[in-house]
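**Q** okay, predicted coordinates and the sequence, questions at the end:
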Amino acid sequence: DALRRSFIVLRWIMLLLLFGYLLSGIFVVKQHEKAVVLRFGRLVGIGDNRVLPPGFHWTWPKPFSEIIRLPAGRVWSISSKVFWHGQPEDQRDQFPPTLQPLIDGYTLSGDANLLHSQWAVRFTIDDPEAHLFGVAEPTALLERELNRAVVMVSARMPVDALLRADIEGFRQQVEQELRIRVAAWPLGIRVQGVDLLQLSPPLQVAEAFDQVIRAEQEQAQAVTDARAYAARIINEAVGQADQVVAEGETAKVRLINRIKADADYFTQVQPAVARQPRLMRRIIWQDAIREALGTVGQLYLVPSDADGRREIRLQLSPRRANPFTEGTP
């Protein structure tokens with residue numbers, strides 16, 4: 001009876017252990033995460049069911065199955081320092097006279113110049129199945145393809161464009177070349193962008209490059225200042241020319257109007273002058289005297305002399321009027 005009871009207890013214990021073992025196959029896929037299940041080393045599921053979304057799932061526990069989790073939507077990044085020099089930061093002023101093989105990395109430009117650079121590529125895992133089973137070590141392959149793109153693009157461009165004139169174009173061409181190469185491999189990733197972290201000429205000639213850059217900056221500044229000065233002078237000259245033309249047009253209109261008024265006046269008085277010439281000459285003479293006295297600064301009256309004659313001296317304004325801008329002097 002004791003033995004029978006022992007077997008019954010042992011049976012329940014085994015059932016509980018089996019039930020606990022089966023419950024251990026329950027797992028949770030978190031948000032922003034995807035998972036795949038390998039059973040005896042093979043992927044479980046068909047089509048889209050192979051990639052498990054966030055939520056509760058069950059599979060046969062170990063050693064029958066293995067759960068592989070991958071972050072969904074996370075941006076990964078790998079960097080490459082293959083083309084960077086090996087000189088420590090605290091020894092930049094003590095660089096050797098030549099490059100050191102197997103220590104200093106570099107790329108060759110299209111005009112046979114050397115340059116150092118550091119790169120990084122940002123990517124997301126777009127297809128977990130292809131990323132896990134497409135190729136061995138996909139991130140290592142991605143880094144090699146990045147280095148290959150840098151070498152190819154560097155060899156197509158001159159060093160001036162790479163270091164100064166077209167740095168952004170250099171980066172864009174490397175990114176474009178890398179995207180083409182990644183599409184040819186079953187990596188299961190999507191390239192989000194390529195970053196140029198550092199760019200430098202060889203340390204042995206860096207000072208010469210800096211001098212060229214400073215000279216070009218000074219030249220560009222001088223050209224900019226000269227163009228600004230030329231534009232300002234031209235604008236001032238055009239403004240002065242427009243002002244002179246406007247004043248000339250105004251003076252022309254004023255002169256024409258005055259001549260027309262004199263002509264009209266002459267036309268009006270001509271018949272009267274023809275009838276009474278002495279009287280009209282007297283009137284015109286008086287009008288002229290009245291107009292002249294209007295411009296007199298000082299007036300002196302001299303008494304008559306012994307002969308009974310009177311002499312009047314007038315000091316007219318020394319300023320001579322401009323016939324094109326003012327009245328007749």
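**A** It's in. Residues are numbered from 1 along each chain as shown.

**Q** just give the number of residues close to residue 173.
**A** Residue 173 sits with 19 neighbouring residues when counted by other Cβ atoms under 10 Å. Bear in mind the C-beta positions are built from the backbone N, C-alpha and C, glycine included.

**Q** so residue 34: helix, strand or coil?
**A** strand (DSSP: H, G, I helix; E, B strand; the rest coil).

**Q** so what pairs up with it in the strands?
**A** The partner list for residue 34 in beta bridges (DSSP bridges) reads residue 70.

**Q** just give me the neighbour total for it.
**A** 18.

**Q** residue 205 too?
**A** Residue 205 has 11 nearby residues by other Cβ under 10 Å.

**Q** who's in contact with it?
**A** By Cβ atoms under 8 Å, 6 or more residues apart in numbering, the contact set of residue 205 is empty.

**Q** name the helices or strands packed onto the biggest helix by length in the chain?
**A** The longest helix of the chain (DSSP state H) is helix 206-275. Judged by 3 or more Cβ pairs under 8 Å, 6 or more residues apart in numbering; DSSP states H and E, the packing partners of helix 206-275 are helix 277-293.

**Q** what about the longest helix of the chain, average pLDDT?
**A** If you average the pLDDT over helix 206-275, you get 87.

**Q** what segments of the stretch 1-150 of the chain are helices?
**A** Counting by DSSP state H, counting those that start in this stretch, the stretch 1-150 of the chain has helices at residues 2-23, 128-133, 138-154.

**Q** show residues contacting the longest one.
**A** Read it as helix 2-23. So helix 2-23 is in contact with residue 61, going by Cβ under 8 Å, 6+ apart.

**Q** return the distance of that helix from the chain's centre.
**A** 74 Å (Cα atoms, centre = their mean, to the nearest Å).

**Q** low-confidence ranges in the protein?
**A** 41, 46-49, 71-73, 89-95, 296-329 (pLDDT under 70).

**Q** dump the residue contacts of the residue sitting nearest the centre point of it.
**A** For the chain, the residue sitting closest to the mean C-alpha position, by Cα atoms, centre = their mean, is residue 168 at 10.9 Å. Listed by Cβ under 8 Å, 6+ apart, residue 168 has no contact partners.

**Q** what helix or strand does it sit in?
**A** Taking DSSP states H and E as the criterion, residue 168 maps to helix 167-183.

**Q** buried ones in that helix?
**A** Buried residues in helix 167-183, counted by 16 or more other Cβ atoms under 10 Å: 170-171, 173-175, 177-178, 181-182.

**Q** for stretch 19-28, same thing?
**A** So for stretch 19-28, counting by 16+ other Cβ under 10 Å, buried means 25, 27.

**Q** mind putting the buried residues of helix 167-183 in a markdown table, distance to residue 214 included?
**A** Below are the buried residues of helix 167-183 laid out as a markdown table (distance: Cβ to Cβ, whole Å):
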| residue | distance to residue 214 |
| --- | --- |
| 170 | 21 |
| 171 | 24 |
| 173 | 27 |
| 174 | 27 |
| 175 | 30 |
| 177 | 32 |
| 178 | 34 |
| 181 | 38 |
| 182 | 40 |
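
**Q** which one of those is nearest to residue 199?
**A** The closest of the buried residues of helix 167-183 to residue 199 turns out to be residue 170 (Cβ to Cβ; 8.1 Å).

**Q** residue 158 is in contact with the closest one, correct?
**A** No. Using Cβ atoms under 8 Å, residue 170 makes no contact with residue 158, being 10.7 Å away.

**Q** find the nearest non-adjacent residue to residue 126, please.
**A** Leaving aside its sequence neighbours, residue 126 sits nearest to residue 190 (Cβ to Cβ, 6 or more residues apart in numbering; 4.3 Å).
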